[in-house]
Structure formats: structure tokens, C-alpha cells
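Chemist: Quick one: sequence plus predicted model below, questions after.
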Amino acid sequence: MTRTAMLMVTSCLVFGALSCSTHTQTTPDADSSHVVNRQPNTQPGNPTEAQQSTNEREVAQKSARAAGERRERDQLAGRPVMDEAVALGFADASRVRLMNSSALSRRYDPNFNTESYAHIVENGFLGVEANPLSTFSIDVDRASYANVRRFINDGRRPPIDAVRIEELVNYFHYDLPDPTGEHPFSITTEVTSAPWNTNHLLVRIALQGRRVDLDDQPASNLVFLLDVSGSMNSPDKLPLLKDALGLLVNNLREKDRVAIVVYAGAAGLVLESTSGDRKGVILDAIERLSAGGSTAGGAGIRLAYDVARRNHIRGGNNRVILATDGDFNVGASSDGEMIRLIEEKREQGTFLTVLGFGTGNIKDSKMEALADHGNGNFAYIDNIAEARKVLVEEMGGTLFTIAKDVKIQVEFNPARVQAYRLIGYENRLLAAEDFNDDTKDAGELGAGHSVTALYEVIPVGVETEYTIGGVDSLRYQTPVARQLRDTGELLFVKLRYKTPDGDTSRLLTQPVEDVVRDPSQDLRFASAVAGFGMLLRESEFSGTWTMAHVLNAAREAIAADDDQYRAEFVELVEAVVRSELLAAR
């Protein structure tokens, strides 16, 4: 018979979840002929208390050395290091502690950069004969503009794939008419000369969502899912996140409800669903959060959706708001697994909004994908002014969906158009048949949000230096001469959308005449922003334009600028010119 003494060494406790290393020390009785995990006992009989104490100290010392080696490896790899056990306290924010911030700041390397962006292949010109239809999902995200601004303000050139031109253009407010009919948005079109290539045309298609009084909106069931891992321990991450959410909380109504889920090495509920009029309780729970540990984002998302389900408001705005730097690096957090979960919850009526924070860990493509599959939007918060824009000024668009699965399909008239290219929206393109397929997911439009799409068009008969995409002649079919209908139209716009709780799409159509006019102030400014994006992306389609042209065009279109965002854009372009960022690679 043997007698087993157990020595438990416990580490990495996060929000009450235990991750333990257990060392088993076995000591023999007098008749035992073997010993496990210790030096042989040279004395007959049971070990003395002093011998047991010595053995336990040896095991503890060995465990401490191993833990020290792990910390050194983590530090060299730039990973956050867990420094202390934390208290158990899922439902009580006052009892939740994470690793000591000062210890983390000494051990976490802020210069360790793992930012990632999806590769974007810029849209080229397509010939109308082979490609008469252009189909895409709308995009109301604005994250790329704020992220690009962050790079420029830091004196760095943005990575090419961080520049999504449609998100730059859609960052700004435009003077668009409100919808007047049964549909929740209006459609505005405009045709002018392309400023960077005057032989080409520039076509604008713009949607304006219905503006609503937030007091009249249904009650909200919000779950804040907050990343409090070690990578969030810098002023532009968790502290800014707290300030940002404070702005949102101060605009909640009594009928709204908020719960808070946090995640690091494990996930925990720190605030049960609480009425929006108990702002002090909510703000206190947010203020008590601190950062530490690694990032089990998958577990956090599952818990947040479970909390949202338990507090579901029928006919209300049920939404998880994920705030993170995107660094999902521990646990069952495969992209496919999380996306399937998010799509399942989307169909059950709980949408997802994603807020990105900070530098060094931004997983831009992952956060955008999560928001897209969750029928929500993705914003990047680089300062408190941006937080106010997203969570206060545009609160309706951020939180309240008025139309989902919004798709646009444009048919070009081959009698008037030789070729075209959609500027931006590269990761929103759809197959032509997807337009009529109501099972295909597409973008959402929030209350008061606007969307602008720009097409560059090469008219029939215009010589061009650009390659026009087409296809070879077919082997088994003989081309049949078609009689072109020259109706005087340049193109025909079709749009499909569903109501927020609907399953069947509705169709809108609008022809666009081949009439070239001087651009409106809004189109002048939008083209300046698009040109800015093309130059940052080193686009082959930027034509004769330079940053000087962008600057002049933006300055001329700055008049309608009550919110000062256009003036800020001008300052941003001036900073690029002044610092010669385009010369740096």
C-alpha cells in the first residue's frame, strides 16, 4: 500500500476560473519498493515531517523555477505575463481583479506589433460586353478612416491594405435628402467628369437612411463584451474604452438594459443586465476593470450571447458590443467557429457591433469579418472624439438597424459605356445571381447612416491606356448580334433590402441618365477623399492626381462642414504633404 501526498500549485486565475498545475508527490510505506517523482528514501518506514517538508519545498522551488522560465519566454515573445491570482467574482464588479497593472507595464512590450490586414486587390476596369452587371453589398463601416488617421498622426504611412477607400468616403456626412416614401432610405445619383482623368466619368450612387428620434426607438438589450487581456493595458486601449462606453451609458434610457461580460484567460459576467437609469452602477462596474492575462475571445463571445439570450427583448434592439484590439490568441477561438456562432445568433435576432482600440495588436480583418457576419458595424476608436462620433452623434446608426441585407446591382448600358470600375468595396463584391438570392448575407443600414458608392466609367469611343477585363470567345457558342437599346440612360440601379426582422427582400430601381453636370459640393469632397485613398494605396488608376490636387479639391468643398470633419481631413492631407509620407515605404 502507498500513501499519496498532494501538493497543489495554482496559477493564472482569471475572474474565478482556475488554471492549475498539480504536482503529485508519492511517498512509500515500509514495504514499498518504488518511488515516483522524488529522490529515493534511504530510511526505512514512513518519512518524517521534516523530510516531507523538505520534499514539498523542493517541488515548490521546482514549480517556481518553471513558472519563471515561462514568464521569461512570454516576455521575449511579447506576450502578456500573468502575475497574480485573482478573486472569484463573476457577478460583482467590485470583486473582480486582474493582474497588477504596474507589473504588466514592466513586462508587456508595447512595441511588439502583430497588426494584420486582409489583402485587397484593387478593382480594375471591366468591359460591359462581358460584364454588364456589377453587384455588391453596402458597407457602412468607417473603421479604416480612423485607423488611417491614427497612422498619419503618428507620422507613419498606413499599410496599403489598411486603406479601404469606401470606408474613407463613407466616414463623412453628406447633404442627402431624407426618404419620403415607404422605403427606409432615399437614393441619389450624380454623373460628372472624373477629376483625375477628365476623359472618364465619375458616377455617384448614394443612400440616406431615415433619421429617427432615439426616444422613439425600441428598448435596447445591450451586452458589453470587453477585452481586458494583457494586450489592452495601454492608454489608447482599456482606459479609452472605459471613457468611450461612459459616453454611451450616459445616453441610455430607463427602458434600455446593459450587462457587462469581460474576458482574458477566461470569461466572466461582472454586471448582470441592469436598467439604463442606473447609470452609476453601470459606470462603476466599467471603472473597476483592469487588464491582465491572455485572450480567450471565443469563450467571451459565447458567454455574451448567452447573457443576451437570457435578457432578450422581443421586438427590441438586442445587440452584443464587442470592444477589443482583436487579439484572440488563446482557447477555442478559430475564426470559423466564432463566425458560425455569430451567424446563428444573428438569425435569432441578436446583432453584433465591434469596436477596435489601440495599436500593435489590431486584427482588422478578423474584427471586420465578425461584425459583417453579425449584421453589425465595425468602428475603430483612436481617440475620445471618435468615440463621441460613433457612440453619441451616430448612436442611431451604430445601434439601430433600419434595413438589413442591403445589396446594390448596377446594369451598364453598352451603347454608352465601354468599361467601368467600382472604387473600393473589394471585400463586398457579390456574384450577379446573389442579388436575387435572399439567403445571401449583405450589409446593414443604421438609422441616419448614409452610404456612397463611386464608379469610374469609360464612355464608348474613348481610348484608354488601361487594360479592360473580358473573356475569350466561347468554343461551343456563336455570339449573336444584339440590338442595343439606347434609351439615353447611362446605367440602371437596382437595390434590394429586408426589414430588420424580415426574411423576404424588397426591390427598388432607378435609371440614371447620361447627362454630365458640374459636381455638387458633396461629390467634389467625396472624389477628393477617394483620390486620397487611391494615392495612399499607390493605385494605378489615380491618373494625373497628386496630394496637391487632393488638397485643393478638399479645400474647395469644405463649405458645408458643421461638424468640422472635413476641416480635419484637410489637416490630415496637409500632414501627409508636409511629412512626405508618400515617399516612405
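Modeler: Received, thanks.

Chemist: Spell out which strands sit alongside whatever helix or strand residue 322 lives in in the sheet and which way each one runs.
Modeler: Assigned by DSSP states H and E, residue 322 falls within strand 317-324. The pairing partners recorded for strand 317-324 under DSSP bridges are strand 220-227 (parallel), strand 350-357 (parallel).

Chemist: Make a markdown table from those and add mean neighbour count, mean pLDDT and distance to residue 119 to it.
Modeler: Placement of C-beta: from N, CA and C, glycine included. Formatted as a markdown table, the strands paired with strand 317-324 follow (neighbours: other Cβ atoms under 10 Å; pLDDT from 0 to 100; distance: least, Cβ to Cβ, whole Å):
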| stretch | mean neighbour count | mean pLDDT | distance to residue 119 |
| --- | --- | --- | --- |
| strand 220-227 | 26 | 96 | 25 |
| strand 350-357 | 25 | 95 | 19 |
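
Chemist: On the C-terminal side of the host helix or strand of residue 190, identify the next helix or strand.
Modeler: In this assignment (DSSP H and E), residue 190 forms part of strand 185-194. Where DSSP H and E defines the elements, the next helix or strand beyond strand 185-194 is strand 197-209.

Chemist: mind checking how far that following strand is from the chain centre?
Modeler: Centroid separation between strand 197-209 and its chain, computed with Cα atoms, centre = their mean, to the nearest Å, is 27 Å.

Chemist: got the contact list for the closest residue to residue 319 other than its chain neighbours?
Modeler: Spatially, and ignoring its direct neighbours in sequence, residue 319 is nearest to residue 351 (4.9 Å; Cβ to Cβ, 6 or more residues apart in numbering). Residue 351 makes contact with 318, 319, 320, 374, 375, 376, 401, 444, according to Cβ atoms under 8 Å, 6 or more residues apart in numbering.

Chemist: Tell me how many other residues surround the fourth one.
Modeler: In terms of burial, residue 374 registers 27 neighbours under the definition other Cβ atoms under 10 Å.

Chemist: Tell me how far residue 197 lies from residue 212.
Modeler: Distance, residue 197 to residue 212, using Cβ to Cβ, to the nearest Å: 40 Å.

Chemist: got a pLDDT number for the residue nearest to residue 241 when sequence neighbours are not counted?
Modeler: Once flanking residues are discounted, residue 241 sits nearest to residue 323: 5.1 Å by Cβ to Cβ, 6+ apart. On pLDDT, residue 323 comes in at 94.

Chemist: now swap in residue 57 and tell me
Modeler: Residue 57 is given a pLDDT of 51.

Chemist: now swap in residue 295 and tell me
Modeler: On the pLDDT scale, residue 295 gets 56.

Chemist: wait, isn't residue 326 in contact with residue 355?
Modeler: No. Shown here, residue 326 and residue 355 do not form a contact pair, counting by Cβ atoms under 8 Å, at 10.4 Å.

Chemist: And the following helix or strand past the strand holding residue 322, what does it pack against?
Modeler: Later in the chain than strand 317-324, the nearest helix or strand by DSSP H and E is helix 335-347. With contacts taken as 3 or more Cβ pairs under 8 Å, 6 or more residues apart in numbering; DSSP states H and E, helix 335-347 sits against helix 297-310, strand 350-357, helix 364-373.

Chemist: neighbours of residue 218, just the number please.
Modeler: 15.

Chemist: Let me see the ranges of the helices in the chain.
Modeler: Using DSSP state H, the helices assigned to the chain run over residues 49-76, 101-107, 143-153, 165-169, 238-249, 279-287, 297-310, 335-347, 364-373, 384-388, 395-399, 521-536, 547-556, 565-579.

Chemist: okay if I get these as CSV plus distance to residue 221 and mean neighbour count?
Modeler: Output for the helices of the chain, formatted as CSV (distance: least, Cβ to Cβ, whole Å; neighbours: other Cβ atoms under 10 Å):
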stretch, distance to residue 221, mean neighbour count
helix 49-76, 38, 13
helix 101-107, 32, 15
helix 143-153, 24, 22
helix 165-169, 28, 26
helix 238-249, 14, 20
helix 279-287, 14, 17
helix 297-310, 6, 21
helix 335-347, 13, 16
helix 364-373, 18, 22
helix 384-388, 22, 17
helix 395-399, 11, 23
helix 521-536, 36, 24
helix 547-556, 41, 18
helix 565-579, 31, 16
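
Chemist: Mind listing what's buried along stretch 129-147?
Modeler: Within stretch 129-147, the residues that qualify as buried are 131-147, counting by 16 or more other Cβ atoms under 10 Å.

Chemist: Could you list the low-pLDDT ranges of the stretch 201-350 of the chain?
Modeler: 265-266, 293-297, 327-335 (pLDDT under 70).

Chemist: show me what contacts the residue nearest to residue 241?
Modeler: 224, 225, 226, 227, 241, 244, 245, 354, 355, 357.

Chemist: My read is that the fifth one contacts residue 226, right?
Modeler: What that stands for is residue 241. Yes. Contact criterion Cβ under 8 Å: residue 241 and residue 226 qualify, at 6.7 Å.

Chemist: Distance of residue 136 relative to residue 125?
Modeler: Counting by Cβ to Cβ - residue 136 and residue 125 are separated by 16 Å.

Chemist: Then residue 220?
Modeler: Distance of residue 220 to residue 125, given as Cβ to Cβ: 45 Å.

Chemist: try residue 502
Modeler: The gap separating residue 502 from residue 125 is 36 Å, by Cβ to Cβ.

Chemist: who has more neighbours, the two?
Modeler: Per other Cβ under 10 Å, whichever of residue 502 and residue 125 has more neighbours is residue 125, with 21 against 13.

Chemist: Give me the pLDDT value at the more buried one.
Modeler: 98.

Chemist: dump the residue contacts of it.
Modeler: Taking Cβ under 8 Å, 6+ apart, one finds 419, 420, 421, 456, 458, 464, 466, 467, 468, 469 in contact with residue 125.

Chemist: Counting neighbours, what do you get for the fifth one?
Modeler: Right, residue 458. 23.

Chemist: residues contacting the spatially closest residue to residue 171 that is not a sequence neighbour?
Modeler: Of all residues not flanking residue 171 in the chain, residue 145 sits nearest, at 3.9 Å (Cβ to Cβ, 6+ apart). Residue 145 makes contacts with 167, 168, 171, as judged by Cβ under 8 Å, 6+ apart.
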